[in-house]
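>>> have a look; sequence and predicted model below, questions after that.
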Amino acid sequence: IQTAVRSYNSLANYIYNGISPQITGVFTTSPTASTVNNLTISNNACLSLSQSLTVSGSAAFTDGALLLNGNSLTLNNIVSTVNGSITGSPGSDLSIGGNNTAEMNLPPVNGSIRNFTLNKTGTTNSVNLSSSLILDASGSTSLISGQLNTIYDITINGATVFGAGSINATSGTITYNSNL
């Protein structure tokens with residue numbers, strides 16, 4: 001059992017591979033705090049985040065769910081999905097960023113997301129949803145830059161902030177339930 005806070009390099013790549021549920025545990029990274037270069041999840045059970053995390057390189061959702069557990073996940077580059085997913089919960093945040101990175105295909109997002117931010121800039125600023133998305137009433141949806149493409153339903157229950165970002169729904173329904 002790991003009881004001490006572990007220290008990792010934020011420029012390194014991390015693979016969570018297994019058949020039993022895994023927990024990231026609490027760790028520090030340097031030179032950039034709470035950041036990893038590449039992250040691969042290949043665990044058909046699940047991987048639970050113990051703290052907020054930024055993936056600056058590629059995120060590979062090969063197998064199993066990444067449970068956010070009320071933490072924030074920031075994806076800033078390439079996302080690939082084979083059979084993985086993201087599971088949100090009350091207090092979970094999802095941010096999409098990057099500048100001149102490849103078009104991003106998000107894995108299915110289950111559960112709800114409190115705060116959702118799209119801030120993907122450059123010539124390839126598209127993000128494609130692969131499932132319905134529920135955005136929680138206690139948070140906000142910020143479409144700062146980039147285009148969120150979907151053929152699935154999106155339910156926005158909290159405040160919405162539009163910058164230069166947009167939603168392109170070729171089918172599915174976009175529902176705004178905000179009282180703000």
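Sure thing, it's come through.

>>> longest strand in the chain, by residue count?
Longest strand in the chain, counting residues (DSSP state E): strand 38-48.

>>> buried residues in stretch 80-96?
81, 84-89, 91-96 (16 or more other C-beta atoms under 10 Å). For every residue, glycine as well, the C-beta is placed using N, CA and C.

>>> quick one: low-confidence parts of the chain?
For the chain, the stretches with pLDDT under 70 are 1-3, 179-180.

>>> coming back round to it: can you list contacts of the longest strand of the chain?
13-24, 53, 55, 57-67, 69, 83-84, 87 (C-beta atoms under 8 Å, 6 or more residues apart in numbering).

>>> let's see that with 7 Å instead.
13-24, 55, 57-67, 69, 84 (C-beta atoms under 7 Å, 6 or more residues apart in numbering).

>>> one more: stretch 127-143?
Residues outside stretch 127-143 that contact it (C-beta under 7 Å, 6+ apart) are 81, 90, 96, 103-109, 112-118, 120, 146, 148-150, 152-163, 165-166.

>>> mind checking which of these are buried?
The buried subset of the contacts of stretch 127-143 (16+ other C-beta under 10 Å) comprises 81, 96, 104-109, 112-118, 120, 146, 148-150, 153-160, 165.

>>> what about those residues, which are in strands?
Per DSSP E, the buried ones among the contacts of stretch 127-143 map to strands at 81, 96, 104-105, 109, 112-113, 115-118, 148-150, 154-156, 159-160.

>>> just to check, residue 164 is in contact with residue 146?
No. Applying C-beta atoms under 7 Å, one finds residue 164 not in contact with residue 146, separated by 8.1 Å.

>>> tell me how many other residues crowd the residue nearest to residue 114 when sequence neighbours are not counted.
In space, and not counting its chain neighbours, residue 114 is closest to residue 139: 3.5 Å by C-beta to C-beta, 6 or more residues apart in numbering. Residue 139 has 21 neighbours, counted by other C-beta atoms under 10 Å.

>>> closest to residue 171 out of the buried residues of stretch 80-96?
residue 81 (20.2 Å; C-beta to C-beta).

>>> bridging residues for that closest one?
residue 61 (DSSP bridges).

>>> how near is it to residue 59?
Plainly put, residue 81 is 9 Å away from residue 59 if you go by C-beta to C-beta, to the nearest Å.

>>> again with residue 156
For residue 156 relative to residue 59 (C-beta to C-beta), the value is 24 Å.

>>> do residue 143 as well
The separation that residue 143 has from residue 59, given C-beta to C-beta, amounts to 21 Å.
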